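**Q** model this:
(2 chains)
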Amino acid sequence: KAGVTQTPRYLIKTRGQQVTLSCSPISGHRSVSWYQQTPGQGLQFLFEYFSETQRNKGNFPGRFSGRQFSNSRSEMNVSTLELGDSALYLCASSTLEGHEQYFGPGTRLTVT
Amino acid sequence: AQSVAQPEDQVNVAEGNPLTVKCTYSVSGNPYLFWYVQYPNRGLQFLLKYITGDNLVKGSYGFEAEFNKSQTSFHLKKPSALVSDSALYFCAVRALGSSNTGKLIFGQGTTLQVKP
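**A** Take a look at the predicted model:
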């Protein structure tokens, strides 16, 4: 099976802009979770989607949003970018019954 | 609140020696515990998990972990380290509750350096 794919891999944006990141889960996986990784804060949970519904949300401002499509692909959007949003954004997928999550390579977002 | 701690920022071992990367957790109820590894500029790779059953869990690449309920620990081990094991290792616990299936709480990570 193909793994989790994320596009784009690298992105440079300017403060105040918005950005959309995409994640395609492993075939058959219906749960998609998003994480932000920074040197200072480590790995932090953003949100999880299952069957097109947000099932759980982390402690991030409303500028961070996401959605999931009927084919389980997911997107996350960050509006009004701030310098502190520079991070590696990781997407992970899992089965309904599975416990482990499988991660994509991440999207490296740099905000200037 | 649930949490995971990795007390060592970095662990240094010589190739061929056994390695241990420490992890302690704090959860209410039975924990679901995981170890992941991250190589530079890559995502996280799943190594192993503890859900229930034997306290010694075997995973990928020769790694294993020992679940100790009384000490609330889940240390990662390998009998003989390889230089290629050098990477960043994360311990994680799954948040409890049916609505939290997809939420993992991670430790801060431990850099493993294996020297030839």
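**Q** where does chain A have its least confident helix or strand?
**A** strand A:53-57 (a mean of 90; mean pLDDT, DSSP states H and E).
**Q** so how many other residues sit close to the residue of chain B found nearest chain A?
**A** Nearest residue of chain B to chain A: B:G102, at 3.4 Å (Cβ to the nearest Cβ). C-beta here means a position set from N, CA and C on the backbone, and glycine is covered the same way. By the measure other Cβ atoms under 10 Å in any protein chain shown, the count of residues near B:G102 is 22.
**Q** contacting residues for it?
**A** B:G102 is in contact with A:31-33, A:48, A:50, A:55-56, A:92, A:94, A:101, counting by Cβ atoms under 8 Å, 6 or more residues apart in numbering or on different chains.
**Q** ok, now with 6 Å
**A** A:31, A:33, A:48 (Cβ atoms under 6 Å, 6 or more residues apart in numbering or on different chains).
**Q** if we can go back for a sec, adjacent strands (with direction) for the least confident helix or strand of chain A?
**A** Sheet pairing here is set by DSSP bridges, and for strand A:53-57 it gives strand A:42-50 (antiparallel).
**Q** Where does pLDDT dip in the chain?
**A** Using chain A here. Residue ranges of chain A with pLDDT under 70: A:97-98.
**Q** I was thinking of chain B, sorry if that wasn't clear
**A** Those would be B:96-100, if you go by pLDDT under 70 across chain B.
**Q** that older thread, how distant is the least confident helix or strand of chain A from the center of its chain?
**A** 13 Å (Cα atoms, centre = their mean, to the nearest Å).
**Q** Next secondary structure after it?
**A** Proceeding N to C from strand A:53-57, the next assigned helix or strand is strand A:64-68, under DSSP states H and E.
**Q** Just checking that following strand against chain B, any contact.
**A** No. Figure legend: strand A:64-68 not in contact with chain B (Cβ under 6 Å from any Cβ of the partner chain); closest approach 11.2 Å.
**Q** Just the C-alphas of that strand, formatted as PDB.
**A** Written as PDB, here are the backbone C-alpha positions of strand A:64-68 (Å, rounded to 0.1, in the frame of the first residue of the first chain):
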ATOM      1  CA  PHE A  64      -6.400  26.800  12.100                       C
ATOM      2  CA  SER A  65      -9.100  24.800  10.400                       C
ATOM      3  CA  GLY A  66      -9.500  21.700   8.500                       C
ATOM      4  CA  ARG A  67     -11.800  19.500   6.600                       C
ATOM      5  CA  GLN A  68     -12.100  16.000   5.200                       C
END
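**Q** what angle do it and strand A:42-50 make?
**A** 40 degrees (axes from the mean of the first three to the mean of the last three Cα atoms, to 10 degrees).
**Q** list the buried ones in the helix or strand that comes right after strand A:64-68?
**A** Note on strand A:64-68: by DSSP H and E, the next helix or strand toward the C-terminus is strand A:74-78. Neighbour counts over strand A:74-78 (16 or more other Cβ atoms under 10 Å in any protein chain shown) mark A:74-76, A:78 as buried.
**Q** what's the answer for stretch A:104-112, then?
**A** Going by 16+ other Cβ under 10 Å, stretch A:104-112 has these buried residues: A:104-109, A:111.
**Q** try stretch B:44-52
**A** Quick answer for stretch B:44-52 (16+ other Cβ under 10 Å): B:44-50.
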